[in-house]
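K.L.:
here is my input; please provide its structure:
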Amino acid sequence: MTQMTRRAPTRTLRPLQREVDDPFDQFFGRTDGGAQSISAVWSPSTDLVETDDAFRLHLDVPGMSADDISINLQNRTLTVNGERSSERTDEREDFVRVERAFGTFHRTFTLPDAVDADHIEATYDDGVLTIRVPKTEESTRRQIEIQ
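P.N.:
Residues are numbered from 1 along each chain as shown. Sure thing, here's the model as predicted:
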């Protein structure tokens, strides 16, 4: 005799969905049904521009102040560190979705030999940190006249 069993398709897919979600939840720090925990791994998006006389780094760090960011240079390694705080104020709030990352970050950039480390400048405006790294006089591009 053949026995027939009725199954709800969503009931059999739930364990599979949990199996797929678990590694992502562990990596991204999600807890309590998909809301992100207090700290997350993130790294600001960065553009690097080279001109004839300098390099410029533009880092997107919205929601931070200049006091939240530190820039260090050691040997030829430029390091940018910072921390963006969570806006979560009420622990009783149940976040349905959290996409904005917060927590600490650091980015490191190896500079070429021909930069003027003594004249590096940084500005912060509208959520964008700009670091200007001037080139040395010897390394700037110049036009050679053909004789």
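K.L.:
and the strands in the protein, which stretches?
P.N.:
30-31, 35-36, 46-50, 54-60, 69-74, 77-84, 103-110, 121-125, 128-134 (DSSP state E).
K.L.:
and the last one, what's buried?
P.N.:
When you say that, I think you mean strand 128-134. For strand 128-134, a neighbour-count test (16 or more other C-beta atoms under 10 Å) marks 129, 131-134 as buried. Placement of C-beta: from N, CA and C, glycine included.
K.L.:
and what of the third one?
P.N.:
Neighbour-count burial for strand 46-50 flags no residue at all (criterion: 16+ other C-beta under 10 Å).
K.L.:
picking that back up, so which of the strands of the chain is nearest Asp94?
P.N.:
Proximity to Asp94 (C-beta to C-beta) singles out strand 35-36 among the strands of the chain, at 7.1 Å.
K.L.:
helices and strands of the chain: which one has the lowest mean pLDDT?
P.N.:
In the chain, no helix or strand scores lower on mean pLDDT, DSSP states H and E than strand 35-36, which sits at a mean of 41.
K.L.:
what about this protein, any weak spots by pLDDT?
P.N.:
For the chain, the stretches with pLDDT under 70 are 1-18, 20-41, 88-90, 139-141.
K.L.:
list the beta-bridge partners for Thr79.
P.N.:
Counting by DSSP bridges, Thr79 is bridged to Asn72, Thr108.
K.L.:
run a quick neighbour tally on it.
P.N.:
Under the neighbour criterion other C-beta atoms under 10 Å, Thr79 is assigned a count of 13.
K.L.:
surely it touches Ile69?
P.N.:
No - counting by C-beta atoms under 8 Å, Thr79 sits too far from Ile69 to count as a contact (11.0 Å).
K.L.:
any idea how many residues pack against Ile69?
P.N.:
The burial count for Ile69: 19, using other C-beta under 10 Å.
K.L.:
before we move on, what about Thr104?
P.N.:
13.
K.L.:
how about the one 4 residues further on?
P.N.:
Neighbourhood size, Thr108 [other C-beta under 10 Å]: 11.
K.L.:
got it, and Val80?
P.N.:
By other C-beta under 10 Å, 21 other residues sit near Val80.
K.L.:
many thanks, I have nothing further to ask.
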